[in-house]
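Visitor: only geometry, no sequence info:
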């Protein structure tokens, strides 16, 4: 069999022309494999209780008031139902999208909710220029802060 630099090799056991992809994963001895499995299992066992405690603490600390949920529903739900985005699919309110777009802090979310960005209008009292802002009633700085915290909390909880 001829060795090439291609990641594909010809399977010598099959009579017809069949190609298989070589694995790029490292090869471990059975003992190394068993040790790695045990390490991963221990990590998972330690991570689960911590994740449950964290989730419980977050939900207790950031339980949205009915008025906050109402504010989100009246101002944002038209485009961001369930944390989605009907205008721009790559800019949802899911945590991975927020992180990828550099909007994974309350401050950055506040800036966007207040002044708008792209096709999203701003909702802050002093939003300018007028064409970039909502034509409806505006939100106070406190309301924008609360909505920003609500969005980040919901993203962490997975909407």
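Guide: Okay, I see it. The model shown is predicted, which means the values in this text are computed figures rather than measured ones. Numbering: from 1, shown residues only.

Visitor: Helices along this structure, start to end?
Guide: With helices called from DSSP state H, the chain shows them at 30-61, 66-75, 77-80, 95-100, 106-115, 141-157.

Visitor: Quick one, which of these gets closest to residue 132.
Guide: helix 106-115 (7.1 Å; CB to CB). Yep, even glycine has a C-beta here, placed from its N, CA and C like the rest.

Visitor: Return the distance of that closest one from the chain's centre.
Guide: Its chain's average C-alpha position is 17 Å from that of helix 106-115, according to CA atoms, centre = their mean, to the nearest Å.

Visitor: and this structure, what are its domains?
Guide: 30-61, 65-157 (automatic domain parsing).

Visitor: In JSON lines, list those domains along with mean pLDDT and mean neighbour count.
Guide: Formatted as JSON lines, the domains of the chain follow (pLDDT from 0 to 100; neighbours: other CB atoms under 10 Å):
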{"stretch": "domain 30-61", "mean pLDDT": "71", "mean neighbour count": "10"}
{"stretch": "domain 65-157", "mean pLDDT": "92", "mean neighbour count": "16"}
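
Visitor: Could you dump the helices of the chain into a markdown table with distance to residue 127 added?
Guide: Converted to a markdown table, those look like this (distance: least, CB to CB, whole Å):
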| stretch | distance to residue 127 |
| --- | --- |
| helix 30-61 | 29 |
| helix 66-75 | 13 |
| helix 77-80 | 17 |
| helix 95-100 | 21 |
| helix 106-115 | 5 |
| helix 141-157 | 10 |
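
Visitor: between these, which one is nearest to residue 129?
Guide: Nearest of the helices of the chain (CB to CB): helix 106-115, 9.8 Å.

Visitor: Could you check the angle the closest one makes with helix 141-157?
Guide: 130 degrees (axes from the mean of the first three to the mean of the last three CA atoms, to 10 degrees).

Visitor: outside of helix 106-115, which residues touch it?
Guide: For helix 106-115, the external contacting residues (CB atoms under 8 Å, 6 or more residues apart in numbering) are 98, 102-103, 117, 120, 122-124, 127-128, 132-133, 139, 141, 144-145, 147-149, 151-152.
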